[in-house]
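1. Next come a sequence and a model predicted from it.
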Amino acid sequence: MKRLGTPRRLLAAGLISLLACAIGASGASPPAPAAPAATADGAQSPADELSRDPLDSPRWADMKKAFFDGQEVVFDARVKLTGPTVAEDPLNVPITVDATALPGVEEMIVFADFNPIVKALRFEPGTARASLGFRIKLQQSSPIRVAARTVDGVWRVGGAWITTTGGGCTLPSLGSGSPEWQDRLNEVNGRLWPRVGGGERLRMRIIHPMDTGLAAGIPAFHIEAIAIADESGQVLARLQPLEPVAENPSFTLDFAEVAPGARLQVSGRDNNGNRIDAWVTR
């Protein structure tokens, strides 16, 4: 038969066991961080879903700080950006942004996460529908996003990844090598078309090289403000195109309240002070 330890050894072993229990109960190890809020079925809460970038871009945190610092911003499926999945020409990437499913849109901005000049355009719809078609330049494959600010001050964001061969922002414009654009600078070609459901659709193109300033020896030269007004002079919508907008920019806007046969005035300027002034009819 094995002998039990001496009483002194048993006492020591008991004290060691009590000490170990006390350490475990005292919480010497830091508690694990609380898990994110989850729904009953284990899915992320709606708040988490609204703040998580659906395009999973490593630059989203930078974009959020640059454009929405201190403001409420959420991802919203009602804000849409459509364009080609693969853009063959990085100098002319057609996109359409649409926030017409939201009430009270006061402002929209468009930006590309990986462009050297990130912000492409600002749009104040005014009495126009909160949708716009135009073309941009892409330097490389990138998420392109549209953010719409509604009357409650919340920015609602949508977007899409577009793949391209790249180089669109650092190549010189085609017009910069031709003397023709100097004679036709800021010339507006446009027309109004009847919309299904009423109102008018404006499609216009403005002759301008829209140089980014990133091509060697060519300074930045771009349109920076466009206003669209009715015959009484009331401004219906405003555009602020920036360097990433494509050369000879074209824009498509819808006006639900413009009557058939009306004329619209397109006015504005570029960053060198050259004026834009034209009337557009059917």
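-> Ah, there it is. Numbers count the residues shown, from 1 in each chain.
2. CA-only coordinates of stretch 55-74, as CSV, when you get a sec.
-> Only the C-alpha atoms of stretch 55-74 are listed here, as CSV (Å, rounded to 0.1, in the frame of the first residue of the first chain):
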residue,chain,number,x,y,z
LEU,A,55,-17.1,46.7,-52.4
ASP,A,56,-14.5,45.7,-49.8
SER,A,57,-12.0,48.4,-50.8
PRO,A,58,-8.9,49.0,-48.8
ARG,A,59,-9.3,52.7,-49.4
TRP,A,60,-12.9,53.1,-48.1
ALA,A,61,-11.7,54.4,-44.7
ASP,A,62,-9.7,57.1,-46.5
MET,A,63,-12.7,58.0,-48.7
LYS,A,64,-15.0,58.2,-45.7
LYS,A,65,-12.6,60.6,-43.9
ALA,A,66,-12.0,62.7,-47.0
PHE,A,67,-15.6,63.2,-48.0
PHE,A,68,-17.8,62.5,-45.0
ASP,A,69,-15.7,63.2,-41.9
GLY,A,70,-18.0,63.7,-38.9
GLN,A,71,-21.1,63.2,-41.0
GLU,A,72,-23.5,60.3,-41.1
VAL,A,73,-22.9,58.0,-44.0
VAL,A,74,-24.5,54.6,-44.9
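3. Centre of the chain to that stretch, how far?
-> Offset of stretch 55-74 from its chain centre (CA atoms, centre = their mean, to the nearest Å): 10 Å.
4. before we move on, which element is L121 in?
-> If you go by DSSP states H and E, L121 is part of strand 119-124.
5. In its sheet, which strands sit next to that strand, and in what direction?
-> Here strand 119-124 is paired, per DSSP bridges, with strand 105-112 (antiparallel), strand 235-241 (antiparallel).
6. which other residues reach it?
-> 67, 97, 106-112, 132, 134, 136, 237-242, 244-245 (CB atoms under 8 Å, 6 or more residues apart in numbering). C-betas here are computed from N, CA, C, even on glycine.
7. What of stretch 102-111?
-> With contact meaning CB under 8 Å, 6+ apart, stretch 102-111 is reached by 63, 67, 76, 78-79, 81, 95, 97, 99, 118-125, 130, 132, 136, 144-152, 156.
8. Okay, and which of those map to helices?
-> Taking DSSP state H as the definition of helices, these contribute M63, F67.
9. out of the contacts of stretch 102-111, which are buried?
-> Buried by 16 or more other CB atoms under 10 Å: 63, 67, 76, 79, 81, 95, 97, 99, 118-125, 130, 132, 136, 144-150, 156, out of the contacts of stretch 102-111.
10. ok, the closest residue to T281 other than its chain neighbours to A130 distance?
-> With CB to CB, 6 or more residues apart in numbering as the criterion, T281 has its nearest non-adjacent residue at 4.9 Å, and that residue is R263. Distance, R263 to A130, using CB to CB, to the nearest Å: 23 Å.
11. Could you do T82 as well?
-> Computed as CB to CB, the T82 to A130 distance reads 14 Å.
12. One more: V74?
-> For V74, the distance to A130 - CB to CB - is 17 Å.
13. swap in V266?
-> 19 Å.
14. One more: D89?
-> Counting by CB to CB - D89 and A130 are separated by 27 Å.
15. got the contact list for S57?
-> S57 is in contact with M63, D113, P143, counting by CB under 8 Å, 6+ apart.
16. show me what contacts the nearest residue to the first one once chain neighbours are set aside?
-> The spatially closest residue to M63, leaving aside those adjacent along the chain, is D113, at 5.9 Å (CB to CB, 6+ apart). For D113, the contacting residues are S57, R59, W60, D62, M63, S142, P143, I144, R145, by CB under 8 Å, 6+ apart.
17. pLDDT score for the residue lying closest to the fourth one once chain neighbours are set aside?
-> Taking CB to CB, 6+ apart, and ignoring the residues beside it in sequence, D62 has D113 as its nearest neighbour in space, at 8.0 Å. For D113, the pLDDT comes out at 98.
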